[in-house]
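J.: dropping the sequence and predicted coords here.
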Amino acid sequence: MESGLIKKWMILCVFLAVAVNLRNGVTAEPQVPCYFIFGDSLVDNGNNNNIQSLAKANYLPYGTDFPQGPTGRFSNGKTTVDVVAELLGFDDYIPPYATARGEQILRGVNYASAAAGIRQETGQQLGARIDFSAQINNYKNTVAQVVDILGDENTAANYLSKCIYSVGVGSNDYLNNYFMPNYYSTSRQYTPQQYADVLIRQYSEQIRTLYNYGARKFALNGIGQIGCSPNALAQNSPDGVTCVQRINGANQIFNSKLRSLVDEFNSNSQDAQFIYLNAYDVFQDLIDNPSSFGFRVSNAGCCGVGRNNGQITCLPFQNSCQNRDEYVFWDAFHPTEAANIIVGRRAYSAEKASDAHPFDIRRLAQL
């Protein structure tokens, strides 16, 4: 009898403590102190807004379903890293480098830039962009600020070693380079195998630079099925449904080498952890079985122009489809929030063994 009363009393105390904390706005700490993001338009959240670039999304209908409206995110709502940030327990989204200031940077910074690639020239036909090496240079500036805020390099190094570093680059090195022979010579210089080798070699050096500046927990994202995007279907698919194997095959070569690089880094690093996130196969699921995920349309953009709504991206103030949650793709290239939620959740907590290697973001956060 007495133990039952004690148990009820303890439950009541816990309930009251939670209620008081919620009322006072106290939230649990995130699973990692900070989250740094490097990438392209799939995760850009405003870094291209004020540069001379054609690759921008700071206008409606982009952001239609995002609480702050158009921010520079290339979707109707959240991106994959927004979803991961929520799952990691952050109470706000990670700010773009363009606007991150003061102690705000201690929670992380998003350096991603639309049209950016591993190679410096990638995306140049679209104007200004911040390539991966330039994003790393911006991160170096952030590290110097973190040292100033925390007081010394050792404290800063210890702090940064606990953070997660998400890298998602490579898509544009195909989309806005290798498969654009009118602008770039890479497809005449290299076979798909050779080109993947060249990209991975440069990428590995860029990752080593991040390591030298404090990064220890890496989430390296493979590239998705560019050959299944509405743009690829509009330009290269006779029936507008069948994915373009020539493009996807090249993407798979890159992903295979990136997964091997993760194994190599893990074998050779005593104090760092690397994981590979398999967006390609997650998208394969969405495209093969759209209805099982609640999607009705997987070969056309919710907004856009021309065949498959894939010839160009959404025009300013263009009307989008009304049933946005039923589309895998928001525009010619980028997923809807509904698709991003699935990809983000499976990156954080793998549903299949193939989703993440050797483990997922949730496990990486615990290490």
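T.: Yes, it's here. Numbering: from 1, shown residues only.

J.: please enumerate the helices of the stretch 1-150 of the chain.
T.: For the stretch 1-150 of the chain, helices defined by DSSP state H, counting those that start in this stretch occupy the ranges 2-23, 80-87, 132-150.

J.: for those helices, which has the smallest mean pLDDT value?
T.: The weakest mean pLDDT among the helices of the stretch 1-150 of the chain belongs to helix 2-23, with a mean of 43.

J.: in stretch 281-297, what's buried?
T.: Within stretch 281-297, the residues scored as buried using 16 or more other CB atoms under 10 Å are D281, V282, F283, Q284, D285, L286, I287, P290, F295, V297. (Glycine included, C-beta is placed from N, CA and C.)

J.: quick one: terminal-to-terminal distance for that stretch?
T.: 18 Å (CA to CA, to the nearest Å).

J.: mean confidence (pLDDT) on that stretch, please.
T.: 95.

J.: next one: that stretch to chain centre, how far?
T.: Centroid separation for stretch 281-297 versus its chain: 19 Å, with CA atoms, centre = their mean, to the nearest Å.

J.: mind checking how far the most centrally placed residue in the chain is from Q270?
T.: Centroid-nearest residue in the chain, with CA atoms, centre = their mean: V43, separated by 4.5 Å. V43 sits 30 Å away from Q270, going by CB to CB, to the nearest Å.

J.: one more: A219?
T.: The gap separating A219 from Q270 is 19 Å, by CB to CB.

J.: and if you look at N48?
T.: 38 Å.

J.: of the two, who's got more company?
T.: Remark: of N48 and Q270, N48 carries more neighbours, 30 against 4, as counted by other CB atoms under 10 Å.

J.: what residues are up against the nearest residue to that one once chain neighbours are set aside?
T.: Distance criterion CB to CB, 6 or more residues apart in numbering; nearest residue to N48, sequence neighbours excluded, is A114 at 4.8 Å. Residues in contact with A114 (CB atoms under 8 Å, 6 or more residues apart in numbering) are D40, S41, D44, N47, N48, S53, A55, K56, A57, F74, L126, R129.

J.: near the third one, how many other residues are there?
T.: By that I understand D44. 31.

J.: I'd like the numbering to begin with 32 instead of 1 from here.
T.: Got it, the first residue is 32 from now on, which makes the last one we talked about D75.

J.: quick one: contacts for it?
T.: A88, G103, R104, F105, P127, N141, A143, S144, A145.

J.: so which of the buried residues of stretch 312-328 is the closest to Q176?
T.: V313 (34.9 Å; CB to CB).

J.: wait, doesn't the closest one sit right on R376?
T.: No. The criterion here is CB atoms under 8 Å, and V313 misses it with R376 at 9.6 Å.
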